[in-house]
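Undergrad: Build me a model:
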Amino acid sequence: MPHPLGTTPSKVVAVHLNYPSRARERGRIPSQPSYFLKPPSSLAGTEEAIVRPDGCELLGYEGEIALVIGTRAHRVPPEEGWRHVRWVTAANDAGVYDLRKADRGSNLRSKGADGFTPIGPRLLDARRLDPAALQVRTWVNGELVQDDTTDTLLFPFGQLVADLSRLVTLEPGDVILTGTPAGASVVSPGDVVEVEVSGAGQSSGRLRNPVTAGGPLAPYGAMPQADPAEREAAYGASYTPEPALDKQLAEDLRSVAVATLSSQLRGKHGLPHMSVDGVRPTRPGETMVGVAHTLRYLPLREDLFKKYGAGMNAQKRAIEELRPGHILVMDARRDTTAGTLGDILALRALKRGAAGVVTDGGLRD
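TA: Okay, the predicted model is just below:
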């Protein structure tokens, strides 16, 4: 579609996380903003359809505030960043999570398809707005699903302009999508998404886009695939994971003794060593049935800790991958001095629905 100003922008830049409410949903608060690019060809207007490709199930919407650059910005300080914004309007940063694996890190195919960046319908004069007093709201089929304000942003708009302009020259007409608040989720063909931005008595009007089904993708590229991790990311707070173990099978397993199961593994399946020795329960009297989710600890390599041990390391990733019915099994080479789990991560595992934790290492806290 033509750019609202009558020209096509040189770039569309999108911010990953900016609203505290969304950061809490994602379980992380970034210290600095991070970005990805969307092709200008992804721009669309109000009433234009967002087309979900055939084979995809996870078409996500994200109501956002879009900034349109008015004057060239190159190495501007944060206190001058807002002066380079000419217009403000509503946007929907749409994307299909089914294609994220194909372009991990770039979002090119998952968020860059034609029509995946509707903006409009009206442009608000940035000179008459307080960037810290704007409101963005999103409706799906008439139901309000997102509602937040810009007074608590992690990275104010002026800072975003300044940060980008350190290395990337922003030209007039360029669009910055400034992040989405909590409540973003998944829509299907037949749904209608509306986004509105307001402030200082002005309104962008409702950006309205119906969702329709598209035809099949040509087979000469990466094809859609959705897994539990992508579904959780797409649905956000509304996601309810399916149990890792069928409920009836879990009940059947609870109804028989461990000795019976061991006998079956030995006699009928040729698995004679399927046992755990020296187990001491932290909750005596409770039975634990589930699907193993295994984490293996390696001997301490202090020289590699900064590279692999800090931040979202393997231990924390294993916790975040747990689904209802999983049992986290941690192999610590029977080293009881290894602190494999503390109360914070154990509580997180419980919150995610894990059936329990088994470790041959030490428990701390």
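Undergrad: backbone phi and psi for Val12, please?
TA: With angles defined as degrees, to the nearest 10, Val12 sits at phi -120, psi 120.
Undergrad: do the one 3 residues further on as well
TA: Val15 adopts backbone torsions of phi -90, psi 140, taken as degrees, to the nearest 10.
Undergrad: Burial check on it, number of neighbours?
TA: 25 (other CB atoms under 10 Å). C-beta coordinates here come from the backbone N, C-alpha and C atoms, glycine included.
Undergrad: and Gly173, what pLDDT?
TA: Predicted confidence (pLDDT) for Gly173: 95.
Undergrad: Tell me how far it lies from Arg333.
TA: According to CB to CB, to the nearest Å, Gly173 and Arg333 sit 59 Å apart.
Undergrad: So which of these two has more stuff around it?
TA: Higher neighbour count among Gly173 and Arg333: Gly173, with 20 against 11, using other CB under 10 Å.
Undergrad: Could you check which helix or strand contains the closest residue to Pro33 other than its chain neighbours?
TA: Closest residue in space to Pro33, ignoring its immediate chain neighbours: Phe155 at 4.5 Å, by CB to CB, 6 or more residues apart in numbering. Using DSSP states H and E, Phe155 sits within no helix or strand.
Undergrad: and Phe155, backbone torsions?
TA: The phi/psi pair for Phe155 (degrees, to the nearest 10) is phi -130, psi 100.
Undergrad: was I right about it contacting Val15?
TA: Yes: here Phe155 lies in contact with Val15, judged by CB atoms under 8 Å, at a distance of 7.2 Å.
Undergrad: Quickly list what's touching both of those two.
TA: Taking CB atoms under 8 Å, 6 or more residues apart in numbering as the contact definition, Phe155 and Val15 share the neighbouring residues Pro33.
Undergrad: Leaving out sequence neighbours, find the closest residue to the residue nearest the centre of the chain.
TA: In the chain, the residue lying closest to the centroid (CA atoms, centre = their mean) is Ala233, at 4.1 Å. Distances taken as CB to CB, 6+ apart place Tyr97 nearest to Ala233, at 6.1 Å, with adjacent residues excluded.
Undergrad: cool, Arg52 as well?
TA: Nearest residue to Arg52 in three dimensions, chain neighbours excluded: Leu59, at 4.4 Å (CB to CB, 6+ apart).
Undergrad: Against Ala292, how distant is Trp137?
TA: No Trp there; residue 137 is Arg. On the measure of CB to CB, Arg137 and Ala292 end up 44 Å apart.
Undergrad: When those two are compared, which one has more neighbours?
TA: Arg137 (20 against 10).
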